[in-house]
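In: Provided below are the primary sequence and the corresponding predicted coordinates.
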Amino acid sequence: MIQSMLVVAAFTLLATVGSWWYFRRHRIARPPFGVINLADVMVAMAGLVLIPLLYMELPIAVVVVLLALLTIGALQVALEPVVGRRPLWTVCLALIAADLVLGLTVGVRNEAFLLTNDAIMVIVVIGVANLWAQSGLKAAHAAVFAAVLTGYDALVTWQFSVTLQLFVKLTKLPLFPLVGWGLEDVPTSFLIGLGDLLLLSLFPLVMRKAYGRTAGLSALLAGLATTALIFVLIARDAIGHTIPVMVFLGPVIVAQYLYWRLTRGVERPTRQYLRAEPLTPRTRNPVTEGR
């Protein structure tokens with residue numbers, strides 16, 4: 001399991017640091033729904049609750065189609081500022097095709113497939129985290145999201161078997177929304193959910209926007225340290241192997257927000273953040289570049 005854990009830890013680091021790097025260098029083309037607010041967060045929470053239940057009931061072919069559609073949408077968001085609009089569809093479809101072909105030929109437990117799928121999921125996390133952060137999500141709303149998700153994860157993972165059943169079903173399919181390694185043998189396997197990676201990557205971005213670079217870096221390091229602690233405890237068999245990461249990460253996120261809120265006051269809006277930390281001319285904007 002240690003080798004699998006180290007691989008997953010490397011992808012976790014790539015997702016969080018990659019999101020931080022992307023945040024200041026690429027501007028995502030914002031969708032026409034305006035600023036993300038608490039209502040949007042509530043909708044996302046409802047989706048996190050309902051989607052796993054739907055996945056458990058839907059036929060496998062339908063689940064694969066839904067996963068493909070969701071993944072290609074997230075890839076477009078993340079990759080458009082990087083590759084531009086012209087080759088965007090080619091790159092996205094090539095990634096989806098590689099995942100599906102490997103999954104259907106060598107199998108979803110093969111390392112070539114896992115490497116491809118994990119890389120795709122990291123890109124998805126970077127794109128969604130930056131979409132939310134750049135669309136105006138407040139640090140307070142991210143903290144509320146983390147708090148509710150903590151209670152939900154604790155209840156569902158520890159009191160019911162939904163999470164474990166979902167993981168078992170999803171890891172039989174291509175494009176499964178998890179980052180994992182060592183799936184050929186259950187005792188050596190290790191997985192982390194995409195929702196955990198998203199909160200881990202998102203919170204440093206909204207904290208930087210709200211309270212500055214120091215607050216953002218503190219959130220980044222605290223999140224990575226918390227995740228590393230979980231991995232160490234699992235490796236030492238100090239806690240079980242089916243662990244809701246948010247039970248540990250959620251309180252850390254909420255505590256950090258409360259600290260900066262009490263010491264710095266109301267968080268600054270996006271316009272004030274951009275005045276304090278202007279983007280460099282090298283920052284790519286897909287909207288203006290596409291004209």
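Out: Received it, and whenever you're ready, just let me know what you need. Numbering: from 1, shown residues only.
In: Just to be sure, R86 is in a helix?
Out: No. Counting by DSSP: H, G, I helix; E, B strand; the rest coil, R86 falls outside a helix, being coil.
In: Next one: it from E80, what distance?
Out: As judged by CB to CB, to the nearest Å, R86 and E80 stand 10 Å apart. C-beta: built from backbone N, CA, C; applies to glycine.
In: between those two, which one's more packed in?
Out: Each of R86 and E80 has its neighbours counted (other CB atoms under 10 Å); E80 has more, 22 against 8.
In: Regarding that one, what is its secondary structure?
Out: Applying three-state DSSP: E80 is helix.
In: Let me see the confidence value for it.
Out: The model reports E80 with a pLDDT of 92.
In: hang on, it packs against A29?
Out: Yes. Using CB atoms under 8 Å, E80 is in contact with A29, at 6.1 Å.
In: Can you show me the helices along the stretch 101-250 of the chain?
Out: 111-134, 139-159, 162-170, 194-211, 213-235, 245-264 (DSSP state H, counting those that start in this stretch).
In: could you dump the fourth one to CSV, C-alpha only?
Out: Going back to what we said before, that points to helix 194-211. Output in CSV follows, covering the C-alpha atoms of helix 194-211 (Å, rounded to 0.1, in the frame of the first residue of the first chain):
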residue,chain,number,x,y,z
LEU,A,194,-12.4,14.0,-6.4
GLY,A,195,-14.5,16.0,-4.0
ASP,A,196,-11.7,15.9,-1.4
LEU,A,197,-9.2,17.0,-4.0
LEU,A,198,-11.4,19.8,-5.1
LEU,A,199,-11.8,21.3,-1.6
LEU,A,200,-8.1,20.8,-1.0
SER,A,201,-7.3,22.7,-4.2
LEU,A,202,-10.0,25.3,-4.1
PHE,A,203,-9.7,26.7,-0.5
PRO,A,204,-6.2,28.2,-0.9
LEU,A,205,-7.4,30.0,-4.0
VAL,A,206,-10.4,31.7,-2.4
MET,A,207,-8.3,32.5,0.7
ARG,A,208,-5.7,34.2,-1.4
LYS,A,209,-8.4,36.2,-3.1
ALA,A,210,-10.1,37.0,0.2
TYR,A,211,-7.1,37.7,2.5
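In: between it and helix 213-235, how many degrees?
Out: 160 degrees (axes from the mean of the first three to the mean of the last three CA atoms, to 10 degrees).
In: Surely E267 is in a strand?
Out: No. Going by three-state DSSP, the assignment for E267 is coil, not a strand.
In: need the contact list for it.
Out: With contact set as CB atoms under 8 Å, 6 or more residues apart in numbering, E267 has these partners: K138, A139, A140, K209, A210, Y211, W260, R261.
In: Can you flag the buried ones in these?
Out: K138, A139, A140, K209, A210, Y211, W260, R261 (16 or more other CB atoms under 10 Å).
In: quick one: contacts for the fifth one?
Out: Going back to what we said before, that points to A210. K138, A139, W260, E267, R268, Y273.
In: same thing with the fourth one?
Out: Contact partners of K209, counting by CB under 8 Å, 6+ apart, are A133, A139, G216, E267, R268, T270, Y273.
In: Can you select the buried ones from those residues in PyMOL?
Out: In PyMOL syntax, the buried subset of the contacts of K209 is picked out as below (16+ other CB under 10 Å):
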select buried, resi 133+139+216+267+268+270+273
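In: so, if you compare the contacts of K209, which one comes nearest to F145?
Out: Looking at these and their distance to F145, the nearest is A139, at 10.4 Å (CB to CB).
In: Can you read off the pLDDT for the residue lying closest to the closest one once chain neighbours are set aside?
Out: In space, and not counting its chain neighbours, A139 is closest to A210: 4.0 Å by CB to CB, 6 or more residues apart in numbering. For A210, the model assigns a pLDDT of 95.
In: So A210 versus A94, what's the distance?
Out: Taking CB to CB, one finds A210 at 37 Å from A94.
In: Likewise for L70?
Out: 18 Å.
In: Settle it for me: which of the two has more neighbours?
Out: Counted by other CB under 10 Å, L70 and A94 do not tie: L70 has more neighbours, with 14 against 11.
In: Could you find the closest non-adjacent residue to the more buried one?
Out: P177 (7.9 Å).
In: Report the contact partners of that neighbour.
Out: P177 neighbours (CB under 8 Å, 6+ apart): L67, L70, T71, M121, V124, L170, G193, L194.
In: 10 Å instead, please
Out: 51, 55, 67, 70-71, 74, 117, 120-121, 124-125, 166, 170, 193-195, 197-198 (CB atoms under 10 Å, 6 or more residues apart in numbering).
In: any weak-confidence spans in the stretch 101-250 of the chain?
Out: 156-167, 186-187, 240-242 (pLDDT under 70).
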